[in-house]
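Asker: Sequence and predicted structure below; questions after.
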Amino acid sequence: MKEETPRRDIEERTFRFAVRMVKMARAIPRTGANAVMINQVMRCGTSVGANVEEAHGAPSKKDVVRKMNVARAEARDAHDWLRLLSETGIVAANQLESLTDEADQLVRILTAIVKNAREQQ
């Protein structure tokens, strides 16, 4: 039973992150230049949780590590795109602060998960 709680926590946390990313992206005016950034931030922001979900259904530890690594890479991408949205003034920095922080925390959490899963292989 102990193992289930962290699984649900990371699943729920990455799902909530995706929801927040979608809401943020929908609020950005869709101009030519913004459209590319909106698409990128939506792709990586929603991919984190999707890969975590896939990892939990993976048939082997190796597959879990691979999917969690993808989730971690997507969280890093999301963090980078959020910084870019802020630095270019497309979205005010104060509006992205908590999302950027959450992306950073997810990277750290997923890094720890990958490390622990590798040690258990």
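Answerer: Everything's here; your move. Everything numeric in this text was worked out from a predicted model, so none of it was measured. Numbers count the residues shown, from 1 in each chain.
Asker: what about the helices in the chain?
Answerer: Applying DSSP state H to the chain gives helices spanning 4-27, 32-56, 61-87, 93-119.
Asker: Can I get the ones you listed in TSV including mean neighbour count and mean pLDDT?
Answerer: (C-beta placed from N, C-alpha, C; glycine too.) Shown next, in TSV, are those (neighbours: other CB atoms under 10 Å; pLDDT from 0 to 100):
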stretch	mean neighbour count	mean pLDDT
helix 4-27	15	88
helix 32-56	18	94
helix 61-87	20	96
helix 93-119	16	95
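Asker: Tell me who's in contact with Phe17.
Answerer: Phe17 sits next to Gly45, Val48, Gly49, Ala78, Leu99, Glu102, Ala103, Leu106 when contact means CB atoms under 8 Å, 6 or more residues apart in numbering.
Asker: Next, the contact list for the nearest residue to Ala58 once chain neighbours are set aside, please.
Answerer: Using CB to CB, 6 or more residues apart in numbering and skipping the chain neighbours, the partner closest in space to Ala58 is Val64 (4.6 Å). Val64 makes contacts with Ala55, His56, Ala58, Ala117, as judged by CB under 8 Å, 6+ apart.
Asker: Quick check: the farthest pair among those residues?
Answerer: His56 and Ala117 (11.5 Å; CB to CB).
Asker: Thanks a lot, catch you later.
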